[in-house]
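Trainee: Sharing a sequence plus its predicted fold:
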Amino acid sequence: MDTITSDPLVEMTTGSTTVPTITDFYAGKDILITGATGFVGKVLVEKLLRSCGDVGNLYCLIRPKSGKDHNQRLLAILSEKLFDRVRKERPACIGKVKAVNGDIIEGNLGLSAEDEAMLISNVSVLFHCAATVKFNEPLRLAIRMNVAGVQRVVKLTEKLTKLESFVHVSTAYANCDKNRISECVYPPPMCPEKLIKAVGWMDDSMCDAVCPFVLGNWPNTYTYTKAMAEYIIVQGKRDIPTSIIRPSIIGAAWREPFPGWIDNFNGPTGLLIGVSKGLLRLMKGERKAIADIIPVDIFVNMLITVGWYTGTCRPEKVNVFHCTSGSVNKVSWGEIERYIVSNVTKMPVENIFRVPYCRFTNSSLCYKTLTFADHIIPAYLFDLWTRVMGGKPVLAGVYDKLHRAISSLDHFTSNSWEFVSENPAKLSEIMHAEDKKAFSYDIKAMQWEKYWENYVLGTKQYVLKEELSGLPDARKRLQRLRLIQYLLNATLFLLVWRLLIARTHFARKLWQFVVGLSQKFVVGLPKVTRSP
């Protein structure tokens, strides 16, 4: 099968005057972006507008949703804070973003004949970012979006007469059945065509029943379908310059457009919010395992650079690029646990349920026992109090959803992978000096502690929509919760101890010894203070 060559960049030399800069390459080129309404897609659009001001039109494939058509959804996105710098620095560029009505799960991507003809005659670069990123998406929908959807995009590329570069966004965990993952496309778990046909005639109950057998060594439908999609990309390449980029876990922005920008609850953000609210206090995982997180702006910079390389070098084979952090700037889940708890207590969110605290454990028995004691019991006690006060109990339901959500992360917080990342380094060697600054994807200098401080602030501002002016009140509430927690713990200790004293001879003897020792200390204290 087709794999990446050992040195795909030999035709290019560092800083060559015959090789255009990244901004020169994109100048005047029309770009099609799928998934432009998603986290990565938004940052990609913003970065292209801000750093490649002479770019042509950015066509964004957008489906109607929640009563809004494709144009209304695009206007809502462009009005977000994310685009503040573009509106200030390059206001004319906003008009270059065009919404195209379409959907990757529809035949021919749901394109009208007019829109298809327009794309065919204009698009030079295609970034395919659209996918369902839910780990436990039902098998049928995951295949429709991540497998069949990729097939439809590949068919479109065959029609695009001006296409110079096609970049598919995969995931570093597409081959997580292996411990060491190279920058190549591996054989698929099964024939994608057969799988698409099979789910076509099976109903939902049958799909759900066969799902565990279909997945095999893959932990979820997301990673499984992403592995299938890569094979489809290779099989459909023909003479189209094509690359695959695999990010690990994508987190908040490190630097651009501003530190800490985030707009969703996925991945680390959901964990951060759960901990900051005092709800999530225990997770299954290995504290020493590598947490391979990559800031979204770093990934987007590499994505744009890979698009430039693909269109400039026009490689014969499908190139694969890993965008990961574990090999260059390691951080463990135990360290992240510490960074999160430290920062959410310094910069607490509003409406905290309990004092923030969280820990990882790799023991199933310990996890089940402590979850029951620290999650389930407090939830039912709180719901009982709420019912007595005439309210509607909801916390037990919240914990049920929370436990189902975090259980899908167990595989990734309990294991580490070695992602071979040679091609990003080779790519950096041929970049122009100005491109290395404007589109840097080097995270060696990033300090994780500072990154998580900005991550917490960004989550508070951009996801929870809380103003920083509310921090003093949030800190006062946290102090009150701490006092209540201390009093409750002291009361519980005294009750348990009193029960032990009443029932066991050893506890009574120990208590009498402690009391006697304390009395001797108090009686002897005046003598010590009077001595010269």
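Mentor: Nice, I can see it. Everything numeric here is computed off the predicted structure, so don't read it as measured data.

Trainee: Mind naming the longest helix for the protein?
Mentor: helix 471-503 (DSSP state H).

Trainee: What helices and strands are in contact with it?
Mentor: Helix 471-503 makes packing contacts with helix 505-530 when contacts are defined by 3 or more C-beta pairs under 8 Å, 6 or more residues apart in numbering; DSSP states H and E. C-beta: built from backbone N, CA, C; applies to glycine.

Trainee: Show me what the mean pLDDT comes to for the helix it packs on.
Mentor: Across helix 505-530, pLDDT averages out at 65.

Trainee: what stretches of this structure score poorly on pLDDT?
Mentor: Applying pLDDT under 70 to the chain flags residues 1-17, 497, 500-503, 507-508, 511, 515, 518-532.

Trainee: Just the strands from it, written as ranges.
Mentor: If DSSP state E is used as the criterion, the strands of the chain fall at 30-34, 58-62, 97-101, 123-128, 165-169, 180-181, 242-247, 249-251, 282-284, 293-295, 319-323, 359-361, 418-419.

Trainee: could you dump those strands to CSV with mean neighbour count and distance to Leu370?
Mentor: As requested, the strands of the chain are exported to CSV (neighbours: other C-beta atoms under 10 Å; distance: least, C-beta to C-beta, whole Å):
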stretch, mean neighbour count, distance to Leu370
strand 30-34, 25, 43
strand 58-62, 26, 44
strand 97-101, 20, 49
strand 123-128, 25, 43
strand 165-169, 26, 38
strand 180-181, 16, 33
strand 242-247, 25, 33
strand 249-251, 23, 25
strand 282-284, 21, 5
strand 293-295, 25, 25
strand 319-323, 26, 35
strand 359-361, 18, 7
strand 418-419, 18, 31
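
Trainee: Quick one: these as a markdown table, columns for distance to Val456 too.
Mentor: Below are the strands of the chain laid out as a markdown table (distance: least, C-beta to C-beta, whole Å):
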| stretch | distance to Val456 |
| --- | --- |
| strand 30-34 | 30 |
| strand 58-62 | 31 |
| strand 97-101 | 31 |
| strand 123-128 | 30 |
| strand 165-169 | 27 |
| strand 180-181 | 30 |
| strand 242-247 | 22 |
| strand 249-251 | 12 |
| strand 282-284 | 17 |
| strand 293-295 | 14 |
| strand 319-323 | 23 |
| strand 359-361 | 18 |
| strand 418-419 | 27 |
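
Trainee: burial of the closest residue to Ile250 other than its chain neighbours, as a residue count?
Mentor: With sequence-adjacent residues excluded and distances taken as C-beta to C-beta, 6 or more residues apart in numbering, Ile250 is closest to Val296, at 5.3 Å. The number of residues packed near Val296 is 23, by other C-beta atoms under 10 Å.

Trainee: surely Val296 meets Val40?
Mentor: Yes: counting by C-beta atoms under 8 Å, Val40 is a contact partner of Val296 at 6.4 Å.

Trainee: residue contacts, the nearest residue to Ser124 once chain neighbours are set aside?
Mentor: Nearest in space to Ser124, with sequence neighbours left out and distances taken as C-beta to C-beta, 6+ apart, is Lys29 at 4.1 Å. Applying C-beta atoms under 8 Å, 6 or more residues apart in numbering, we find Lys29 in contact with Val55, Gly56, Ser124, Val125, Glu164.

Trainee: Show me which of the residues you listed is closest to Gly200.
Mentor: When the contacts of Lys29 are compared for distance to Gly200 (C-beta to C-beta), Val125 comes out closest, at 32.3 Å.

Trainee: for that closest one, which residues make a bridge with it?
Mentor: Applying DSSP bridges to Val125 gives these bridge partners: Ile31, Ser165.

Trainee: picking that back up, farthest pair within the contacts of Lys29?
Mentor: Farthest pair in the contacts of Lys29, by C-beta to C-beta: Val55 and Glu164, 13.5 Å.

Trainee: quick one, which of the strands of the chain is nearest to Ile262?
Mentor: strand 249-251 (7.4 Å).

Trainee: And the closest one, what does it pack against?
Mentor: Contact analysis of strand 249-251 by 3+ C-beta pairs under 8 Å, 6+ apart lists helix 268-276, strand 293-295, helix 296-313 as its packing neighbours.

Trainee: mind redoing it with 7 Å?
Mentor: strand 293-295, helix 296-313 (3 or more C-beta pairs under 7 Å, 6 or more residues apart in numbering; DSSP states H and E).

Trainee: List of residues touching the first one?
Mentor: The one in question is strand 293-295. Strand 293-295 is contacted by residues Pro247, Ser248, Ile249, Ile250, Gly251, Ala252, Ala253, Trp254, Pro268, Cys323, Thr324, Ser325 when judged by C-beta atoms under 7 Å, 6 or more residues apart in numbering.

Trainee: partners of that strand in the sheet?
Mentor: By DSSP bridges, strand 293-295 pairs with strand 249-251 (parallel).

Trainee: what's in contact with the partner strand?
Mentor: Phe39, Val40, Gly267, Pro268, Asp292, Ile293, Ile294, Pro295, Val296, Phe299, Tyr455.

Trainee: and the gap between the third one and Pro188?
Mentor: Separation of Gly267 from Pro188 (C-beta to C-beta, to the nearest Å): 25 Å.

Trainee: now the helices for the stretch 351-500 of the chain?
Mentor: In the stretch 351-500 of the chain, the helices defined using DSSP state H, counting those that start in this stretch lie at 364-371, 377-388, 395-407, 410-413, 423-429, 433-438, 448-458, 471-503.

Trainee: Now the fifth one: buried residues?
Mentor: It refers to helix 423-429. Under the neighbour-count criterion of 16 or more other C-beta atoms under 10 Å, helix 423-429 has Asn423, Pro424, Lys426, Leu427, Ser428 buried.

Trainee: any idea how far Phe258 is from the fourth one?
Mentor: Separation of Leu427 from Phe258 (C-beta to C-beta): 26 Å.

Trainee: cool, and the first one?
Mentor: Here Asn423 is placed at a distance of 29 Å from Phe258 (C-beta to C-beta).

Trainee: which residues does the nearest residue to Tyr224 once chain neighbours are set aside contact?
Mentor: What sits nearest to Tyr224 in space, not counting adjacent residues and going by C-beta to C-beta, 6+ apart, is Trp218, at 4.0 Å. Going by C-beta under 7 Å, 6+ apart, Trp218 touches Cys176, Asp177, Pro189, Tyr224.

Trainee: Most neighbours among these, please name it.
Mentor: Going by other C-beta under 10 Å, Tyr224 tops these with 28 neighbours.

Trainee: Surely it and Met190 touch.
Mentor: No: the pair Tyr224 / Met190 is not scored as a contact, 9.6 Å apart, by C-beta atoms under 7 Å.

Trainee: who does Val97 bridge with?
Mentor: Leu58.

Trainee: who touches it in this structure?
Mentor: Per C-beta under 7 Å, 6+ apart, neighbours of Val97: Val45, Leu58, Cys60, Leu74, Leu78.

Trainee: between those residues, which is nearest Leu409?
Mentor: Of all the contacts of Val97, Val45 has the smallest distance to Leu409: 28.5 Å, by C-beta to C-beta.

Trainee: how about that closest one, what does it touch?
Mentor: Counting by C-beta under 7 Å, 6+ apart, Val45 makes contact with Ile33, Ala36, Leu58, Cys60, Val97.

Trainee: now do 8 Å
Mentor: Ile33, Ala36, Leu58, Cys60, Ile77, Val97.

Trainee: Against Leu74, how distant is the second one?
Mentor: What that stands for is Ala36. Ala36 is 8 Å from Leu74, by C-beta to C-beta.

Trainee: Can I get the contacts of Lys29 in CSV including distance to Met389?
Mentor: Shown next, in CSV, are those (distance: C-beta to C-beta, whole Å):
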residue, distance to Met389
Val55, 58
Gly56, 61
Ser124, 63
Val125, 59
Glu164, 65
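
Trainee: Many thanks, I have nothing further to ask.
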